[in-house]
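**Q** Predicted model, plus sequence, below.
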Amino acid sequence: MRAVVHRSYGPPEVLRVEEVDRPVPADDEVLVQVHASTVTRSDCGVRGGWPWFARVFYGIRRPKQPIAGMEFAGEVAAVGGGVTGFAVGDGVFGVKGGANAEYICVKESGVIEHMPESLGFAEATIADGACTAFAILGQTGDRARGRVVVYGASGSIGTAAVQIAKHLGAHVTAVCNGKNVALVGSLGADEVVDYEREDFARRGETYDLIFDAVGRSSYRRVRRALKPDGLYITTDGGFMWHAPLLALVSRRVKLGIARYRKEDVETLRRLVDSGEYRPVIDRTYPLEQVVEATRYVETEQKTGNVVLLVG
(Lines give C-alpha, C1' and ligand atoms only; values in the text may rest on other atoms or scores of the structure.)
Protein backbone atom coordinates (compact mmCIF):
# COMPACT_ATOMS: atom_id res chain seq x y z
CA MET A 1 0.00 0.00 0.00
CA ARG A 2 1.04 3.65 -0.41
CA ALA A 3 1.86 5.73 2.65
CA VAL A 4 3.52 9.04 3.50
CA VAL A 5 6.77 8.14 5.24
CA HIS A 6 9.46 10.17 6.97
CA ARG A 7 12.42 8.27 8.38
CA SER A 8 14.23 11.33 9.69
CA TYR A 9 13.36 14.75 11.11
CA GLY A 10 13.59 17.74 8.85
CA PRO A 11 11.78 20.05 6.40
CA PRO A 12 8.70 18.99 4.38
CA GLU A 13 10.96 17.43 1.77
CA VAL A 14 11.78 14.51 4.09
CA LEU A 15 8.24 13.23 3.39
CA ARG A 16 8.01 10.51 0.74
CA VAL A 17 5.12 8.48 -0.66
CA GLU A 18 6.37 4.90 -0.50
CA GLU A 19 5.07 1.35 -0.79
CA VAL A 20 4.85 -0.29 2.63
CA ASP A 21 3.28 -3.47 3.95
CA ARG A 22 -0.48 -3.42 4.34
CA PRO A 23 -1.42 -3.98 8.01
CA VAL A 24 -3.43 -7.00 9.14
CA PRO A 25 -6.10 -6.42 11.81
CA ALA A 26 -5.76 -8.19 15.14
CA ASP A 27 -8.77 -9.85 16.76
CA ASP A 28 -9.94 -6.57 18.33
CA GLU A 29 -9.10 -4.30 15.38
CA VAL A 30 -10.77 -2.78 12.34
CA LEU A 31 -8.89 -2.42 9.04
CA VAL A 32 -9.85 0.92 7.50
CA GLN A 33 -9.33 1.76 3.85
CA VAL A 34 -8.49 5.45 4.19
CA HIS A 35 -10.08 7.78 1.65
CA ALA A 36 -9.10 11.08 3.29
CA SER A 37 -6.57 12.22 5.86
CA THR A 38 -5.11 15.59 6.88
CA VAL A 39 -1.94 17.58 7.39
CA THR A 40 -2.01 19.52 10.66
CA ARG A 41 0.29 21.84 12.57
CA SER A 42 0.91 18.98 14.99
CA ASP A 43 1.96 16.74 12.10
CA CYS A 44 4.43 19.43 11.05
CA GLY A 45 5.84 19.54 14.56
CA VAL A 46 6.31 15.78 14.71
CA ARG A 47 7.95 15.72 11.26
CA GLY A 48 10.29 18.57 12.18
CA GLY A 49 11.14 17.07 15.57
CA TRP A 50 10.06 20.14 17.53
CA PRO A 51 9.63 21.09 20.25
CA TRP A 52 12.85 19.20 20.98
CA PHE A 53 11.67 17.78 24.30
CA ALA A 54 8.80 16.01 22.50
CA ARG A 55 11.35 13.68 20.91
CA VAL A 56 11.21 11.73 24.16
CA PHE A 57 7.83 10.55 22.86
CA TYR A 58 8.40 10.70 19.07
CA GLY A 59 11.87 9.16 19.00
CA ILE A 60 15.17 10.75 20.00
CA ARG A 61 17.17 10.38 16.76
CA ARG A 62 14.45 9.39 14.28
CA PRO A 63 10.67 8.95 14.35
CA LYS A 64 9.39 5.82 16.05
CA GLN A 65 6.33 5.97 13.77
CA PRO A 66 7.61 6.54 10.23
CA ILE A 67 4.13 6.90 8.67
CA ALA A 68 2.80 10.45 9.02
CA GLY A 69 -0.66 11.69 9.91
CA MET A 70 -3.17 11.38 12.72
CA GLU A 71 -6.63 11.66 11.19
CA PHE A 72 -8.64 9.42 8.89
CA ALA A 73 -11.99 8.97 7.18
CA GLY A 74 -12.72 5.89 5.13
CA GLU A 75 -14.45 2.52 4.88
CA VAL A 76 -14.07 -0.66 6.90
CA ALA A 77 -12.20 -3.15 4.72
CA ALA A 78 -11.95 -6.01 7.23
CA VAL A 79 -12.63 -6.70 10.90
CA GLY A 80 -10.99 -8.91 13.49
CA GLY A 81 -12.84 -11.91 14.85
CA GLY A 82 -13.75 -10.15 18.10
CA VAL A 83 -15.15 -6.97 16.55
CA THR A 84 -18.92 -6.52 16.92
CA GLY A 85 -19.57 -2.79 16.43
CA PHE A 86 -18.33 -2.40 12.85
CA ALA A 87 -18.87 -4.28 9.60
CA VAL A 88 -17.16 -4.32 6.22
CA GLY A 89 -18.34 -1.33 4.17
CA ASP A 90 -19.14 0.94 7.13
CA GLY A 91 -18.02 4.54 6.75
CA VAL A 92 -15.82 5.52 9.71
CA PHE A 93 -13.72 8.42 10.96
CA GLY A 94 -11.35 9.02 13.83
CA VAL A 95 -7.79 9.53 15.04
CA LYS A 96 -4.83 7.13 14.91
CA GLY A 97 -1.14 7.64 14.29
CA GLY A 98 0.02 6.64 10.80
CA ALA A 99 -3.15 7.82 9.04
CA ASN A 100 -1.52 9.24 5.88
CA ALA A 101 -1.79 5.82 4.27
CA GLU A 102 -4.15 3.73 2.16
CA TYR A 103 -4.91 1.40 5.09
CA ILE A 104 -4.72 1.62 8.85
CA CYS A 105 -5.65 -0.72 11.70
CA VAL A 106 -7.61 0.77 14.62
CA LYS A 107 -8.78 -0.95 17.79
CA GLU A 108 -12.56 -1.14 18.05
CA SER A 109 -12.21 0.51 21.47
CA GLY A 110 -10.01 3.26 19.98
CA VAL A 111 -10.90 6.69 18.63
CA ILE A 112 -13.11 5.51 15.78
CA GLU A 113 -16.78 6.06 15.06
CA HIS A 114 -19.30 5.65 12.28
CA MET A 115 -19.26 8.66 9.96
CA PRO A 116 -22.04 11.24 10.19
CA GLU A 117 -24.57 10.49 7.46
CA SER A 118 -24.41 13.98 5.96
CA LEU A 119 -20.65 14.07 5.37
CA GLY A 120 -18.37 12.86 2.61
CA PHE A 121 -14.94 11.48 3.38
CA ALA A 122 -13.06 14.78 2.99
CA GLU A 123 -15.54 16.59 5.25
CA ALA A 124 -15.32 13.84 7.86
CA THR A 125 -11.66 14.57 8.64
CA ILE A 126 -12.73 16.58 11.69
CA ALA A 127 -11.83 14.38 14.64
CA ASP A 128 -8.36 15.73 15.47
CA GLY A 129 -9.28 19.38 15.96
CA ALA A 130 -12.59 18.56 17.64
CA CYS A 131 -11.11 16.02 20.07
CA THR A 132 -8.41 18.53 21.00
CA ALA A 133 -11.03 21.23 21.61
CA PHE A 134 -13.20 18.86 23.66
CA ALA A 135 -10.20 17.85 25.79
CA ILE A 136 -8.96 21.37 26.45
CA LEU A 137 -12.37 22.89 27.14
CA GLY A 138 -12.98 19.96 29.47
CA GLN A 139 -9.93 20.99 31.53
CA THR A 140 -11.42 24.42 32.27
CA GLY A 141 -14.49 23.40 34.28
CA ASP A 142 -17.50 25.72 34.32
CA ARG A 143 -15.47 28.50 32.68
CA ALA A 144 -16.16 26.82 29.32
CA ARG A 145 -19.84 27.68 29.84
CA GLY A 146 -19.21 31.35 30.65
CA ARG A 147 -17.72 34.20 28.64
CA VAL A 148 -15.12 32.52 26.43
CA VAL A 149 -12.53 33.91 24.00
CA VAL A 150 -11.24 31.59 21.27
CA TYR A 151 -8.02 33.11 19.95
CA GLY A 152 -7.08 31.70 16.55
CA ALA A 153 -10.70 30.84 15.81
CA SER A 154 -10.23 30.00 12.12
CA GLY A 155 -7.86 27.02 12.45
CA SER A 156 -8.87 23.39 12.82
CA ILE A 157 -8.86 23.56 16.64
CA GLY A 158 -10.30 27.08 16.70
CA THR A 159 -13.28 26.38 14.42
CA ALA A 160 -14.01 23.31 16.55
CA ALA A 161 -13.66 25.23 19.84
CA VAL A 162 -16.10 27.94 18.73
CA GLN A 163 -18.78 25.38 17.91
CA ILE A 164 -18.19 23.15 20.94
CA ALA A 165 -18.15 26.10 23.36
CA LYS A 166 -21.47 27.26 21.92
CA HIS A 167 -22.84 23.74 22.38
CA LEU A 168 -21.78 23.92 26.03
CA GLY A 169 -23.67 27.19 26.45
CA ALA A 170 -20.83 29.73 26.38
CA HIS A 171 -20.92 33.30 25.10
CA VAL A 172 -18.12 33.10 22.53
CA THR A 173 -15.87 35.92 21.38
CA ALA A 174 -13.86 34.62 18.44
CA VAL A 175 -10.57 36.25 17.38
CA CYS A 176 -9.25 35.72 13.85
CA ASN A 177 -7.90 37.61 10.84
CA GLY A 178 -10.07 39.80 8.68
CA LYS A 179 -10.58 37.37 5.80
CA ASN A 180 -12.23 34.82 8.11
CA VAL A 181 -14.53 37.08 10.13
CA ALA A 182 -17.68 36.12 8.19
CA LEU A 183 -16.84 32.41 8.25
CA VAL A 184 -16.21 32.32 11.99
CA GLY A 185 -19.38 34.31 12.62
CA SER A 186 -21.34 31.72 10.64
CA LEU A 187 -20.10 29.02 13.04
CA GLY A 188 -22.10 30.61 15.84
CA ALA A 189 -19.68 33.01 17.56
CA ASP A 190 -21.52 35.76 19.43
CA GLU A 191 -18.80 38.29 18.58
CA VAL A 192 -15.91 38.16 16.12
CA VAL A 193 -12.83 40.37 16.55
CA ASP A 194 -10.44 41.00 13.66
CA TYR A 195 -7.04 41.00 15.36
CA GLU A 196 -5.57 42.96 12.46
CA ARG A 197 -7.77 45.91 13.44
CA GLU A 198 -8.44 45.52 17.15
CA ASP A 199 -6.89 43.99 20.27
CA PHE A 200 -9.67 42.14 22.08
CA ALA A 201 -7.74 42.43 25.37
CA ARG A 202 -8.10 46.22 25.28
CA ARG A 203 -11.86 46.36 24.78
CA GLY A 204 -12.49 46.77 28.50
CA GLU A 205 -14.32 43.45 28.78
CA THR A 206 -13.37 40.52 30.99
CA TYR A 207 -13.74 36.81 30.37
CA ASP A 208 -13.96 33.55 32.27
CA LEU A 209 -11.75 31.75 29.76
CA ILE A 210 -9.24 32.76 27.09
CA PHE A 211 -8.46 29.74 24.93
CA ASP A 212 -5.44 30.31 22.69
CA ALA A 213 -5.97 27.68 20.00
CA VAL A 214 -2.80 28.53 18.05
CA GLY A 215 -0.19 29.29 20.71
CA ARG A 216 0.37 32.80 19.42
CA SER A 217 -0.93 34.92 22.30
CA SER A 218 0.55 35.34 25.77
CA TYR A 219 -0.79 35.48 29.30
CA ARG A 220 1.13 38.67 30.00
CA ARG A 221 -0.63 40.51 27.18
CA VAL A 222 -4.18 39.30 27.91
CA ARG A 223 -4.21 38.89 31.70
CA ARG A 224 -6.12 42.14 32.28
CA ALA A 225 -8.97 40.74 30.19
CA LEU A 226 -9.44 37.82 32.60
CA LYS A 227 -11.93 37.84 35.45
CA PRO A 228 -10.37 37.36 38.92
CA ASP A 229 -11.04 33.62 38.73
CA GLY A 230 -10.56 33.46 34.95
CA LEU A 231 -8.21 31.10 33.14
CA TYR A 232 -5.80 31.46 30.21
CA ILE A 233 -5.15 28.14 28.46
CA THR A 234 -2.95 27.52 25.43
CA THR A 235 -2.54 24.51 23.17
CA ASP A 236 1.09 25.02 22.35
CA GLY A 237 3.74 24.81 25.05
CA GLY A 238 6.45 24.33 22.45
CA PHE A 239 5.97 27.78 20.95
CA MET A 240 4.78 29.61 24.07
CA TRP A 241 7.49 28.17 26.30
CA HIS A 242 6.53 30.48 29.14
CA ALA A 243 3.06 28.91 29.53
CA PRO A 244 4.23 25.62 31.12
CA LEU A 245 6.43 27.60 33.51
CA LEU A 246 3.65 30.01 34.47
CA ALA A 247 1.24 27.10 34.89
CA LEU A 248 3.45 25.82 37.70
CA VAL A 249 3.06 28.99 39.75
CA SER A 250 -0.25 30.58 38.66
CA ARG A 251 -3.76 29.19 38.98
CA ARG A 252 -4.79 31.49 36.10
CA VAL A 253 -2.58 29.77 33.48
CA LYS A 254 -2.84 26.25 32.15
CA LEU A 255 -1.18 24.30 29.35
CA GLY A 256 -3.91 22.52 27.43
CA ILE A 257 -3.21 18.83 26.87
CA ALA A 258 -4.78 17.11 23.86
CA ARG A 259 -6.38 13.77 24.62
CA TYR A 260 -8.18 11.64 22.09
CA ARG A 261 -11.22 9.83 23.46
CA LYS A 262 -13.81 7.61 21.82
CA GLU A 263 -16.65 9.36 23.63
CA ASP A 264 -15.65 12.65 22.03
CA VAL A 265 -15.94 11.35 18.46
CA GLU A 266 -19.28 9.81 19.41
CA THR A 267 -20.45 13.23 20.65
CA LEU A 268 -19.02 14.89 17.54
CA ARG A 269 -21.01 12.60 15.30
CA ARG A 270 -24.22 13.50 17.15
CA LEU A 271 -23.47 17.22 16.86
CA VAL A 272 -22.91 16.94 13.11
CA ASP A 273 -26.10 14.93 12.63
CA SER A 274 -28.12 17.46 14.64
CA GLY A 275 -26.73 20.41 12.68
CA GLU A 276 -24.77 21.87 15.63
CA TYR A 277 -21.36 21.29 14.06
CA ARG A 278 -20.06 21.70 10.54
CA PRO A 279 -16.63 21.00 9.05
CA VAL A 280 -14.38 23.73 7.66
CA ILE A 281 -12.13 22.60 4.81
CA ASP A 282 -9.53 24.94 3.32
CA ARG A 283 -7.80 22.95 0.59
CA THR A 284 -7.54 19.38 -0.65
CA TYR A 285 -4.47 17.73 -2.16
CA PRO A 286 -3.83 14.26 -3.59
CA LEU A 287 -1.61 12.10 -1.43
CA GLU A 288 1.29 12.55 -3.85
CA GLN A 289 1.29 16.30 -3.14
CA VAL A 290 1.83 15.92 0.61
CA VAL A 291 4.96 18.10 0.50
CA GLU A 292 3.02 20.97 -1.12
CA ALA A 293 0.18 20.50 1.40
CA THR A 294 2.67 20.61 4.26
CA ARG A 295 4.32 23.76 2.96
CA TYR A 296 0.91 25.42 2.86
CA VAL A 297 0.10 24.40 6.44
CA GLU A 298 3.42 25.88 7.55
CA THR A 299 2.46 29.29 6.12
CA GLU A 300 0.09 29.44 9.14
CA GLN A 301 -2.63 30.83 6.88
CA LYS A 302 -4.87 27.80 6.63
CA THR A 303 -8.54 27.95 7.55
CA GLY A 304 -9.89 24.79 9.15
CA ASN A 305 -8.40 21.61 7.71
CA VAL A 306 -6.04 20.77 4.85
CA VAL A 307 -7.12 17.41 3.49
CA LEU A 308 -5.16 14.67 1.72
CA LEU A 309 -7.25 12.61 -0.71
CA VAL A 310 -5.87 9.10 -0.47
CA GLY A 311 -8.00 6.94 -2.74
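**A** Nice, I can see it.
**Q** Just confirm residue 201 is within a helix.
**A** Yes. Assigned with DSSP: H, G, I helix; E, B strand; the rest coil, residue 201 falls within a helix.
**Q** That one - how many residues pack around it?
**A** By other C-beta atoms under 10 Å, 21 other residues sit near residue 201. For glycine as for every other residue, the C-beta is placed from the backbone atoms N, C-alpha and C.
**Q** Confirm for me that it is in contact with residue 222.
**A** Yes. Residue 201 is within contact range of residue 222, at 4.4 Å (criterion: C-beta atoms under 8 Å).
**Q** Just the pLDDT for residue 41.
**A** We have a pLDDT of 92 for residue 41.
**Q** Which residues are in contact with it?
**A** 155, 214, 297, 300 (C-beta atoms under 8 Å, 6 or more residues apart in numbering).
**Q** Provide the secondary structure category for the last one.
**A** Under the three-state scheme (three-state DSSP), the conformation of residue 300 reads as coil.
**Q** cool, residue 62 as well?
**A** Under three-state DSSP, residue 62 comes out as coil.
**Q** try residue 54
**A** Under three-state DSSP, residue 54 falls in the helix class.
**Q** Please apply the same query to residue 121.
**A** Residue 121 ends up coil, using three-state DSSP.
**Q** Return the distance of it relative to residue 191.
**A** Taking C-beta to C-beta, to the nearest Å as the measure, residue 121 falls 34 Å from residue 191.
**Q** Looking at the two, which has the bigger crowd around it?
**A** Taking neighbours as other C-beta under 10 Å, residue 121 and residue 191 compare with residue 121 leading, 22 against 14.
**Q** Would you check that the more buried one makes contact with residue 38?
**A** No. Using C-beta under 8 Å, residue 121 is not in contact with residue 38, being 11.4 Å away.
**Q** what number of residues lie near residue 288?
**A** Counted with other C-beta under 10 Å, residues neighbouring residue 288 total 12.
**Q** mean confidence score for stretch 284-296?
**A** Averaged across stretch 284-296, the pLDDT comes to 98.
**Q** Please disregard the earlier target; I meant stretch 252-259.
**A** The pLDDT scores in stretch 252-259 average 88.
**Q** List the contacts of residue 2.
**A** Residue 2 makes contact with 17-20, 101-102, 287, 310, according to C-beta under 8 Å, 6+ apart.
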